[in-house]
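Undergrad: No letters, just coordinates:
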């Protein structure tokens, strides 16, 4: 089976990853969009999320598998 490389992360996944409520992660995602100049309809990439939160991107990818 081919391994899929994911590009984006969703607030529900971030809530589990960070141990926060989904409502709080929506606020974090809005802060990420504001910080990087994204529009509200654009996705947040795993690399942007990792950069903003300071978490290692490789660890985030491991958890999302």
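TA: Thanks, I have it. All values derive from a computational prediction rather than experimental measurement.

Undergrad: Check which helices and strands the helix ranked longest in the chain is in contact with.
TA: Criterion DSSP state H: the longest helix present in the chain is helix 22-36. With contacts taken as 3 or more Cβ pairs under 8 Å, 6 or more residues apart in numbering; DSSP states H and E, helix 22-36 sits against helix 11-18, strand 44-45, helix 46-53. Just so you know, the C-beta spots here come from the backbone N, C-alpha and C atoms, and that holds for glycine as well.

Undergrad: which one of those is the most hemmed in?
TA: strand 44-45 (a mean of 19; mean count of other Cβ atoms under 10 Å).

Undergrad: List the strands paired with that one, with their directions.
TA: strand 8-9 (antiparallel) (DSSP bridges).

Undergrad: related to what we said a few turns ago, and the helices and strands packed on helix 22-36: which comes nearest residue 28?
TA: helix 11-18 (6.8 Å; Cβ to Cβ).

Undergrad: if we can go back for a sec, mind listing what's buried in the longest helix of the chain?
TA: Using 16 or more other Cβ atoms under 10 Å as the test for burial, helix 22-36 gives 25, 28, 29, 32, 33.

Undergrad: picking that back up, let me have the helices and strands packed on helix 22-36 in CSV, extended by distance to residue 65 and mean pLDDT.
TA: CSV is the format used below for the helices and strands packed on helix 22-36 (distance: least, Cβ to Cβ, whole Å; pLDDT from 0 to 100):
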stretch, distance to residue 65, mean pLDDT
helix 11-18, 11, 95
strand 44-45, 17, 96
helix 46-53, 12, 96
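
Undergrad: hang on, the earlier thing: go through the buried residues of helix 22-36 and name the one nearest residue 53.
TA: Among the buried residues of helix 22-36, residue 28 lies closest to residue 53 (Cβ to Cβ), at 7.6 Å.

Undergrad: Would you agree the closest one is in contact with residue 14?
TA: Yes: using Cβ atoms under 8 Å, residue 28 is in contact with residue 14, at 6.8 Å.
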